[in-house]
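**Q** Would you be able to build a 3D model of this:
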Amino acid sequence: MTLTHATLGKTTLFGQALLALGGAAFIAAATQISVPFFPVPMTLQTLAVLIVGLSFGARLGTATLLTYLGYGALGLPVFANGMNGLAFVGPTAGFLFGFVLMAGLAGLAAERGLAKGVVSTAVLAIVLSVLLYVPGIAWPMGLASVTGVEAGWVGQDAGFYMSHFIAPFLIGDVVKSLLAAVIVTGAWRAVKARRA
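**A** This next block holds a predicted model:
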């Protein structure tokens, strides 16, 4: 059972569409929030993706992220720094597509009961955040050049990607994973308390 199902009960197809549209808008809004952090400012995009996946479940979480990407494809400025569909050929395109997988896996884990307590949910969120680097780095390392994208960030050595695409964001990803765990498990506690 997902948090959304526990809160709203069984939803109609129309209700699920509204949740996907609203969840995508939530992610878009969170993406535009930049928090001063070390070594780089931290957006709340990954936090929102984790919350959506852990709350909505695998299918609805995946649909929500596809809706979010669809907003960008339509030209809406929903990605970091107000970017739109042009981000699909930029250096972070792999992360955008990886968010779909992240939400789906978070939702699947929640449905299987692997994200019940703060610790298990935090560990899951951290693992998913680390896995996000796989598509995030695969895109600039080689997939971008296969699709004809040529830029200074394409086809560099592993050290370049470690210092520019991974290392500056690791601490922030851990913090966002912990926050997602606290928020989602706190919401579960509130639902259970209301039913008691």
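**Q** Quick check: phi and psi at residue 43.
**A** With angles defined as degrees, to the nearest 10, residue 43 sits at phi -90, psi 160.
**Q** whoops, I mixed them up, residue 42
**A** Main-chain torsions, residue 42, degrees, to the nearest 10: phi -110, psi 120.
**Q** give me the beta-bridge partners of it?
**A** residue 35 (DSSP bridges).
**Q** Offset the numbering so it begins at 358, please.
**A** New numbering, starting at 358: the last item is residue 399.
**Q** dump the residue contacts of it.
**A** Going by CB atoms under 8 Å, 6 or more residues apart in numbering, residue 399 touches 391-392, 526, 529, 532-533. Where C-beta positions appear, they are placed from N, C-alpha and C, glycine not excepted.
**Q** Assign the nearest residue to residue 385 once chain neighbours are set aside to helix, strand or coil.
**A** Spatial nearest neighbour of residue 385, chain neighbours left out: residue 435 (3.7 Å); criterion: CB to CB, 6 or more residues apart in numbering. With DSSP: H, G, I helix; E, B strand; the rest coil as the basis, residue 435 sits in coil.
**Q** Report the buried residues of stretch 393-403.
**A** Within stretch 393-403, the residues that count as buried by 16 or more other CB atoms under 10 Å are 399-403.
**Q** Model confidence at the closest residue in space to residue 433 that isn't next to it in sequence, what's the number?
**A** Nearest non-adjacent residue to residue 433, counting by CB to CB, 6+ apart: residue 441, 6.0 Å away. Residue 441 carries a pLDDT value of 95.
**Q** Residue 441: how many residues sit nearby?
**A** Neighbours of residue 441 under the rule other CB atoms under 10 Å: 15.
**Q** got it, and residue 424?
**A** 19.
**Q** sorry, back to before: isn't the residue nearest to residue 385 right next to residue 429, touching?
**A** Yes: judged on CB atoms under 8 Å, residue 435 makes contact with residue 429 at a distance of 5.0 Å.
**Q** between these two, which one's more packed in?
**A** residue 435 (25 against 21).
**Q** separation between residue 513 and residue 520?
**A** Counting by CB to CB, to the nearest Å, the separation of residue 513 from residue 520 is 10 Å.
**Q** all helices of this protein, in order?
**A** Taking DSSP state H as the test, the helices found in the chain are 360-365, 370-388, 402-413, 415-430, 450-468, 475-488, 490-495, 501-503, 515-518, 527-552.
**Q** Return the most buried member of those helices.
**A** Highest mean neighbour count of the helices of the chain: helix 402-413, a mean of 29 (counted as mean count of other CB atoms under 10 Å).
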